[in-house]
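Visitor: quick check, what structure comes out for this input:
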Amino acid sequence: MDRDVYSYSDSSNAEAKHDLEIFVHLAENKDAVRWREAWRNGSLVGFNDETPYSYGRANALGCRVKFSESIKETVFQRASRFLFRGVLGFDLVHAWRQRAHFKQADVIWTHTESQYFAVAAVKILMGGSAKILGQSVWLFDKWNKLSFPRRMFYSALIKRIDVLTFHSSLNLAVARRAFPSADLRLVPFGIPHEVFIAPHMREHDEVRVLSLGNDRHRDWLTFIEAVSNRPGISAKILSGTLSKRHVANSKNIALSSAKTNEELKAAFAWATVVCIPLKENLHASGITAIQEAVLSGVPAVASDTGGLQLYFAKDEVRYVKANDPAALLTALLDVGHAPLEAFEMAQRAQTRLARPPLIGAAEYIRHHVDISHELLSAKPART
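Guide: So this is what the prediction gives:
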């Protein structure tokens, strides 16, 4: 396969007319070829599609989708790229390597602000007519804490973005105050929902708590304080970012990371309840893990922060106050000791996935395609 023209191909839609040329610019470590290889051999852990974050689904919606690619770097090339990234706050070198593809695209999609800053910078340097759809994740959590020069620099780049999208109404509100004239959209994040496990009664001698994730806003210390050495609770943490020293004195907490999807499925099957402990945030941190729990048929307990109730209501996911170990422990025991009520909650959560307003990978990508058509047809921005 010629990596220079790598694109996702949906064989069921091979004869479809392609109305839009879409280039998806992702982080350097999210190379689409390597992603697909990992997806095929089962080492890409989670509910995923063949293409990164399901963007390849746009091919079935009249688009021709191509992805950014990574190269095999020398030590000097890698060090230079990291140096620029450290100074600027985004990976300009990786984006510069994609510049020929930028010129061929109608619309460039990005997955985080790091990528849309880089795309905007390249566009300033070399021009181009492609529209930019920039997805924000972490930026507006820390916007007011950035230095004045950094905010001015990023503001100049943001003015080059045609539409900014957000997973939560909370960080959208911050962005609206900072950029009142920008085109800002709420686009809920979703994962593939086609495969799921129906909920069933989970009655165990002890409450089995599964917690998982690598997000920077996982509140592992609150979780550990809540469950560590508690009688009647057995806990598993699946994370590649938590240090073992944090659970060294916890006899009932096992820390590891799932290396394959089979290991992840086994963990969900083992659990009585899934816990997503979160620090205060504005960007719906934890929503991927919550959706994975829901699709696995396991009741979920999550910190009530980040605007997660946009996705699941209080009778579909048990929410607790953030940074409150006592409240978290109470919720876990309540769910774990009430199997019928927990089963019904898990059922309601799965039903929510099929009820408007829809969430999931299909709707997530459809939003991107609709906005892209709107940009190219020069329709007035929605309010």
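
Visitor: hey, let's count contacts and neighbours off CA atoms from now on
Guide: Noted.

Visitor: name the SS class of Y55, please.
Guide: helix (DSSP: H, G, I helix; E, B strand; the rest coil).

Visitor: so what's it up against?
Guide: Contact partners of Y55, counting by CA atoms under 8 Å, 6 or more residues apart in numbering, are V24, V65, I365.

Visitor: swap in D141?
Guide: N171, N281, L282, H283.

Visitor: show me where this structure dips below the pLDDT cut-off.
Guide: Within the chain, the stretches with pLDDT under 70 are 1-18, 378-383.

Visitor: which stretches in the stretch 51-200 of the chain count as strands?
Guide: Applying DSSP state E, counting those that start in this stretch to the stretch 51-200 of the chain gives strands spanning 63-67, 107-110, 131-136, 163-166, 184-186.

Visitor: could you dump the ones you listed to a markdown table with distance to H193 and mean neighbour count?
Guide: Output for the strands of the stretch 51-200 of the chain, formatted as a markdown table (distance: least, CA to CA, whole Å; neighbours: other CA atoms under 10 Å):
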| stretch | distance to H193 | mean neighbour count |
| --- | --- | --- |
| strand 63-67 | 21 | 23 |
| strand 107-110 | 22 | 26 |
| strand 131-136 | 22 | 24 |
| strand 163-166 | 21 | 23 |
| strand 184-186 | 20 | 19 |
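
Visitor: and A327, which of the ones you listed is closest to it?
Guide: strand 163-166 (29.2 Å; CA to CA).

Visitor: by contact count, what packs against that closest one?
Guide: With contacts defined as 3 or more CA pairs under 8 Å, 6 or more residues apart in numbering; DSSP states H and E, the packing partners of strand 163-166 are strand 131-136, strand 184-186.

Visitor: possible to save those as a markdown table with distance to A271?
Guide: Converted to a markdown table, the helices and strands packed on strand 163-166 look like this (distance: least, CA to CA, whole Å):
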| stretch | distance to A271 |
| --- | --- |
| strand 131-136 | 33 |
| strand 184-186 | 33 |
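
Visitor: for A38, find the nearest of those strands.
Guide: That would be strand 131-136 among these, by CA to CA, at 24.5 Å.

Visitor: which neighbours in the sheet does that closest one have, and how are they oriented?
Guide: strand 107-110 (parallel), strand 163-166 (parallel) (DSSP bridges).

Visitor: chain center to the last one: distance?
Guide: What that stands for is strand 163-166. Here strand 163-166 is found 14 Å from its chain centre; the criterion is CA atoms, centre = their mean, to the nearest Å.

Visitor: if anything else comes up later, I'll come back, but that's it for now.
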